[in-house]
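S.K.: here's a sequence, model it:
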Amino acid sequence: MYTDPIADYLTRIRNASRAGHRVVEIPASKLKKEITKILFDQGYILSYKFEDKTVQGSIKIALKYDKMTKEPVIKKIQRISTPGLRRYAGANELPRVLNGLGIAIVSTSHGVMTGKQAQRENVGGEVLCYVY
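M.R.: Modelled structure (predicted):
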């Protein structure tokens, strides 16, 4: 049993993209589904599919690669807030990832969103991860 399901989710995506896999299957949860939708909307993954065949369900994610170099689009996906050390940021203190080229995924009182969306809505929250 793992204690940090978000870290497990990010690690599965990181390992699959480095190994060159086209699809990765991950056990589902509400938070993982929201993070997957953000990754899709921001262009980091090709597509996703939620399957509810089992009790918990699963998420199938089609990873995205550069057509010319065959490099994964996700260069780095890093967990910031952990169960042992939660990282929170106010609306004015949200981090800029890679000088604006990456995204920070933030869990706010208005739901899970990118750091830029949280700044627009003037809400802070827990910084879950960085993606670039």
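S.K.: show me the contacts for the residue nearest to Arg18 when sequence neighbours are not counted.
M.R.: Spatial nearest neighbour of Arg18, excluding adjacent residues (Cβ to Cβ, 6 or more residues apart in numbering): Pro72 at 7.0 Å. Placement of C-beta: from N, CA and C, glycine included. Going by Cβ atoms under 8 Å, 6 or more residues apart in numbering, Pro72 touches 17-18, 63-66.
S.K.: now the buried members of those.
M.R.: 17, 63-64 (16 or more other Cβ atoms under 10 Å).
S.K.: name the SS class of the residue most central in space within the chain, please.
M.R.: Geometric centre of the chain, nearest residue: Ile35, 4.6 Å, by Cα atoms, centre = their mean. Following DSSP: H, G, I helix; E, B strand; the rest coil, Ile35 is assigned to helix.
S.K.: mind checking how far it is from Ile77?
M.R.: As judged by Cβ to Cβ, to the nearest Å, Ile35 and Ile77 stand 10 Å apart.
S.K.: spit out the residues that contact those two alike.
M.R.: With Cβ under 8 Å, 6+ apart as the test, Ile35 and Ile77 both reach Cys129.
S.K.: next SSE after the lengthiest helix in the chain?
M.R.: Selection of the longest helix in the chain by residue count, based on DSSP state H, yields helix 5-19. Sequence order places strand 23-27 as the next helix or strand after helix 5-19, per DSSP states H and E.
S.K.: ok and that following strand relative to helix 5-19, angle-wise?
M.R.: 170 degrees (axes from the mean of the first three to the mean of the last three Cα atoms, to 10 degrees).
S.K.: so what strands line up beside strand 23-27?
M.R.: strand 58-63 (antiparallel) (DSSP bridges).
S.K.: how far away from the center of its chain is the strand it pairs with?
M.R.: From the chain centre to the centre of strand 58-63 is a distance of 12 Å (Cα atoms, centre = their mean, to the nearest Å).
S.K.: likewise for stretch 68-84?
M.R.: 8 Å.
S.K.: residue boundaries of the helices in the protein?
M.R.: Under DSSP H, the chain gives helices at 5-19, 30-41, 115-121.
S.K.: mean pLDDT and distance to Ser58 added to the ones you listed, as TSV?
M.R.: Converted to TSV, those look like this (pLDDT from 0 to 100; distance: least, Cβ to Cβ, whole Å):
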stretch	mean pLDDT	distance to Ser58
helix 5-19	96	11
helix 30-41	97	10
helix 115-121	96	27
